[in-house]
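Q: sequence unavailable; structure follows:
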């Protein structure tokens, strides 16, 4: 019964489908945070979570266990190439390219975007590139800002790329170049909270991959509306392999590339 109460609370806050957060995962997170707060009674801890936004955030972060690595899903970066070189660049001989990675977890995806642009776009220095990484998990965002990674996160990077953009530190870890760390803005936001999402507007491309599958139907629709508002007319959103915006919202137009399917906010719509 107590686990069900916590599930409902997390569902209302994060939009996650009740079946996605299994009872064992919730129970482990509750036990971890309850012990950290020095409480023996789960009901007392439930009251605390309901009363404290700080502790609610702590519980969310205990439930969400991210796993990612650099250049995860090559198809997404093939889509990035086509969007930048075939769709955006011909209409912007000079200007600002704005990209959003959400959820960005511990930073591998936004850093991968930056690395890809630097490695594949000879004229990148002639443009103003803005990359924002956002997540609901503040611990993950802090880790992203630090930019420290182990071998598993770097497993798809060549030794040459690692040597040029990372420096070895204690414990067998690597820290990404300070210039790259400073070039990306990391911010906290809840994808299903319209007020949180108001800070994100006029993006050319959004990477929002492998998160909508965990939401309930109502939260998916709300997330789609929020993402739509984040894009400028003509902007694109890239989802995960098993996600389809066509099944969630009619707001977007399907764009089929040889390497991937992406979704576009219609250019004629000025909202």
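A: Received it, and whenever you're ready, just let me know what you need. It should be emphasised that the depicted structure is a prediction, and the values quoted were computed from it without experimental measurement.
Q: first to last residue in stretch 92-107, what's the distance?
A: With CA to CA, to the nearest Å as the measure, stretch 92-107 spans 27 Å from end to end.
Q: pull out the buried positions in the host helix or strand of residue 181.
A: Per DSSP states H and E, residue 181 falls inside helix 178-183. For helix 178-183, burial by neighbour count (16 or more other CB atoms under 10 Å) applies to 180, 181. From N, CA and C alone the C-beta is placed, and that goes for glycine too.
Q: when you give positions from now on, start the count at 45
A: Noted, 45 is the first residue going forward, which turns the last one into helix 222-227.
Q: for it, packing partners?
A: helix 152-164 (3 or more CB pairs under 8 Å, 6 or more residues apart in numbering; DSSP states H and E).
Q: now do the domain split for the chain, please.
A: 46-107, 118-308 (automatic domain parsing).
Q: in JSON lines: those domains, plus mean pLDDT.
A: Listed next are these as JSON lines, based on pLDDT from 0 to 100:
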{"stretch": "domain 46-107", "mean pLDDT": "76"}
{"stretch": "domain 118-308", "mean pLDDT": "91"}
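Q: number of nearby residues for residue 116?
A: As a burial measure, residue 116 scores 18 neighbours (other CB atoms under 10 Å).
Q: from residue 214, how far out is it?
A: To residue 214, residue 116 is 26 Å away according to CB to CB, to the nearest Å.
Q: likewise for residue 191?
A: Distance of residue 191 to residue 214, given as CB to CB: 15 Å.
Q: comparing these two, which shows the higher neighbour count?
A: Set residue 191 next to residue 214 and count neighbours by other CB under 10 Å: residue 191 wins out with 21 against 6.
Q: apart from its chain neighbours, what residue comes closest to that one?
A: Nearest in space to residue 191, with sequence neighbours left out and distances taken as CB to CB, 6 or more residues apart in numbering, is residue 220 at 3.8 Å.
Q: just checking, the one you found touches residue 193?
A: Yes: Residue 220 is within contact range of residue 193, at 7.3 Å (criterion: CB atoms under 8 Å).
Q: between these two, which contacts overlap?
A: residue 210 (CB atoms under 8 Å, 6 or more residues apart in numbering).
Q: residues near residue 253, how many?
A: 22.
Q: again with residue 135
A: Using other CB under 10 Å, residue 135 has 9 neighbouring residues.
Q: ditto for residue 85
A: Residues near residue 85, counting by other CB under 10 Å: 10.
Q: now do residue 153
A: 25.
Q: name the nearest residue to it, sequence neighbours excluded.
A: Residue 153's closest residue in space is residue 145 (CB to CB, 6+ apart), at 4.6 Å.
Q: bridging residues for that neighbour?
A: Residue 145 has these beta-bridge partners by DSSP bridges: residue 177, residue 251.
Q: now do the contacts for the spatially most central residue of the chain.
A: The residue lying closest to the centre of the chain (CA atoms, centre = their mean) is residue 147, at 1.5 Å. By CB under 8 Å, 6+ apart, the contact set of residue 147 is 110, 178, 179, 180, 181, 235, 252, 255.
Q: three-state assignment of it?
A: coil (DSSP: H, G, I helix; E, B strand; the rest coil).
Q: and if you look at residue 306?
A: Following three-state DSSP, we place residue 306 in the strand state.
Q: gap between it and residue 265?
A: 19 Å.
Q: quick one, which of those two is more surrounded?
A: residue 306 (24 against 15).
Q: OK, contacts around the more buried one?
A: By CB under 8 Å, 6+ apart, the contact set of residue 306 is 123, 127, 280, 281, 282, 283, 299.
Q: just curious, which of those is nearest to residue 241?
A: Of all the contacts of residue 306, residue 241 sits closest to residue 281, with 13.2 Å by CB to CB.
Q: please consider this matter closed, and thank you.
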